[in-house]
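Visitor: Quick one: sequence and predicted model below, then my questions.
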Amino acid sequence: MSGILQSLQGREARRFGAGEFIIRQGETTEQLYFLIEGVVEVLKDDVRVAAAQQPGQVFGEMAVLLRVPHTASVRAVKPCSFYIVEQPREFLKSSTTLCVHVCELLAMRLDALNKYLVDVKHQYDGHDHLGMVDEELEALLHRQPSSRVRPKDSTVSHGQLPD
């Protein structure tokens with residue numbers, strides 16, 4: 001991760017004290033936050049869903065990539081500092097290394113979520129309400145945002161993959 005932080009040197013760095021919010025769910029900052037040092041917690045609807053302390057972790061990427069307000073809050077557990085990236089979409093387009101870094105972090109989070117969901121399915125196997133869990137998971141996996149427009153050169157045709 002040190003290479004990622006080295007590539008961000010010279011950008012604005014901001015310190016936050018214990019208990020301070022870096023990001024608030026529902027707000028729009030249009031910034032990416034790369035953790036330099038410290039410990040933070042991620043809160044979704046005021047429920048702690050994760051903690052992070054690894055330098056180079058990025059926050060705010062979902063809001064940036066989906067063009068929506070922040071989907072969770074990030075709060076300092078211990079004093080911490082972040083590199084702040086303004087105009088993040090342009091920044092990611094201009095830096096392949098950092099774009100791939102963000103993609104890798106998102107892929108790791110998705111993989112962890114998938115493993116968790118499989119574990120939940122195993123725990124509830126044989127229970128009547130497992131069907132509801134399956135339906136919800138299926139809906140989440142195949143949900144497409146209504147605002148997304150399929151590119152003309154798409155290989156997908158009417159929901160079917162090409163032969």
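Guide: Here it is on my side, so go on.

Visitor: Just give me the residue right at the centre of this structure.
Guide: Residue closest to the average C-alpha location in the chain (CA atoms, centre = their mean): M62, at 4.6 Å.

Visitor: out of everything not next to it in sequence, what's closest to T97?
Guide: S7 (6.3 Å; CB to CB, 6 or more residues apart in numbering). C-betas here are computed from N, CA, C, even on glycine.

Visitor: In three-state terms, how would the one you found be classified?
Guide: helix (DSSP: H, G, I helix; E, B strand; the rest coil).

Visitor: How far off centre is the helix or strand hosting K115?
Guide: Using DSSP states H and E, K115 falls within helix 96-123. Remark: helix 96-123 is offset 9 Å from the chain centroid, using CA atoms, centre = their mean, to the nearest Å.

Visitor: Now do that helix, average pLDDT.
Guide: The average pLDDT within helix 96-123 is 87.

Visitor: Low-confidence ranges, this structure, go.
Guide: For the chain, applying pLDDT under 70 flags the ranges 1-2, 127-163.

Visitor: Counting neighbours, which bits of the helix holding K115 end up buried?
Guide: L98, H101, V102, L105 (16 or more other CB atoms under 10 Å).

Visitor: could you redo those as TSV and give each row distance to A18?
Guide: TSV is the format used below for the buried residues of helix 96-123 (distance: CB to CB, whole Å):
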residue	distance to A18
L98	28
H101	27
V102	26
L105	24
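
Visitor: closest to T29 among these?
Guide: V102 (15.9 Å; CB to CB).
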